[in-house]
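Chemist: structure for the following, please:
(one chain, ligands or ions: 1)
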Amino acid sequence: RGGAPEKEIPFAKPSSLTRVYAVASGKGGVGKSSVTVNLAAAMAEQGLRVGVVDADVYGFSVPRMLGVEQRPTQVDDMILPPIAHDVKVISIGMFVPGNQPVVWRGPMLHRALQQFLGDVFWGDLDVLLLDLPPGTGDIAISVAQLIPTAEILVVTTPQQAAAEVAERAGSIALQTHQRVAGVIENMSWLELPDGTRQEIFGSGGGRAVAESLTRSIGAPVELLGQIPLDTRLREGGDTGTPVVLGEPDSAAGVALRAIAKGL
Ligand code: ADP
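Modeler: Modelled structure (predicted):
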């Protein structure tokens, strides 16, 4: 785009009514993307206008989890995002050929994010969810710079080691002066056929992260909910129908819908 002037990011305007959530985790594989797409689908089902930016450059999985196969279309200098389950979706994976890994460095990622936010025609949104890469990387800083009002949602597992890295991801909010919207614990337990709960990854991680962030930030950070291990959640991600829509009464579906409602 050479020296083209940068478009204003509508969500960064003080008058913007869009709630922006940056979904963060300390490490990969804790279910951050699964949580993002399910919250998005559940909120869209509630009648909210929802967009998702998949900024997880190392593991873009949002399009598959939402069953999006189309690429964005371009009209004049506007990019129109594909829509799936009433959610507008844009992913870095839509701009790289085939299944190639993204090897961009910080400044290019910043520019890509800027375009996703400024050049994509989102229309009026009630909620925008950003799926961040795991850890406390450049993208998290870029989000804070581009949309200072973005709130951070921290996803962790119950495991102590995972909770410690999640705390670091959340405490970036201290430096960027962002609000932490809360902590979501995923993979909290597996319900056995006799109704008992097996805590495969231990317990207490979500609460520990919430308490620790409350102390370090100096403002209350809540544990928003616990999502059990559930085969149907994984299957929904694989088939492109989020569990909150495909199996809303499953254990994970119920937990995720409740969290979406509370946000
Ligand atoms: P992340 O975005 O943190 O890397 P993903 O959302 O890609 O994590 O989840 C990693 C894997 O775990 C995926 O295969 C996903 O389907 C599965 N998964 C996530 N949460 C659950 C859950 N509560 N129950 C069962 N499988 C889950």
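
Chemist: got any ranges where the stretch 51-200 of the chain has weak pLDDT?
Modeler: Scanning the stretch 51-200 of the chain for pLDDT under 70 picks out the ranges 99, 101-103.

Chemist: what residues does it have near the ligand?
Modeler: Listed as neighbours of the ligand in the stretch 51-200 of the chain under the rule CB under 6 Å from any ligand atom: 59, 61, 186-187. Placement of C-beta: from N, CA and C, glycine included.

Chemist: ok, 8 Å please
Modeler: 56, 59, 61, 65, 131, 134, 155, 186-188 (CB under 8 Å from any ligand atom).

Chemist: for those residues, give me TSV that also has neighbour count.
Modeler: Below are these laid out as TSV (neighbours: other CB atoms under 10 Å):
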residue	neighbour count
56	25
59	17
61	18
65	26
131	30
134	21
155	29
186	27
187	26
188	25
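
Chemist: residues near residue 121, how many?
Modeler: Residue 121 has 16 neighbours, counted by other CB atoms under 10 Å.

Chemist: oh, that last question was meant for residue 51, not what I typed.
Modeler: When neighbours are counted by other CB under 10 Å, residue 51 comes out with 26.

Chemist: confirm it sits in a strand?
Modeler: Yes - assessed with DSSP: H, G, I helix; E, B strand; the rest coil, residue 51 lies in a strand.

Chemist: was I right about it contacting residue 128?
Modeler: Yes - using CB atoms under 8 Å, residue 51 is in contact with residue 128, at 4.7 Å.

Chemist: what do the two both touch?
Modeler: Residues touching both residue 51 and residue 128 by CB atoms under 8 Å, 6 or more residues apart in numbering: residue 122.

Chemist: returning to what we had before: now render the residues of the stretch 51-200 of the chain next to the ligand as JSON lines, adding distance to residue 81.
Modeler: Formatted as JSON lines, those follow (distance: CB to CB, whole Å):
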{"residue": "56", "distance to residue 81": "16"}
{"residue": "59", "distance to residue 81": "20"}
{"residue": "61", "distance to residue 81": "17"}
{"residue": "65", "distance to residue 81": "15"}
{"residue": "131", "distance to residue 81": "14"}
{"residue": "134", "distance to residue 81": "24"}
{"residue": "155", "distance to residue 81": "23"}
{"residue": "186", "distance to residue 81": "26"}
{"residue": "187", "distance to residue 81": "30"}
{"residue": "188", "distance to residue 81": "32"}
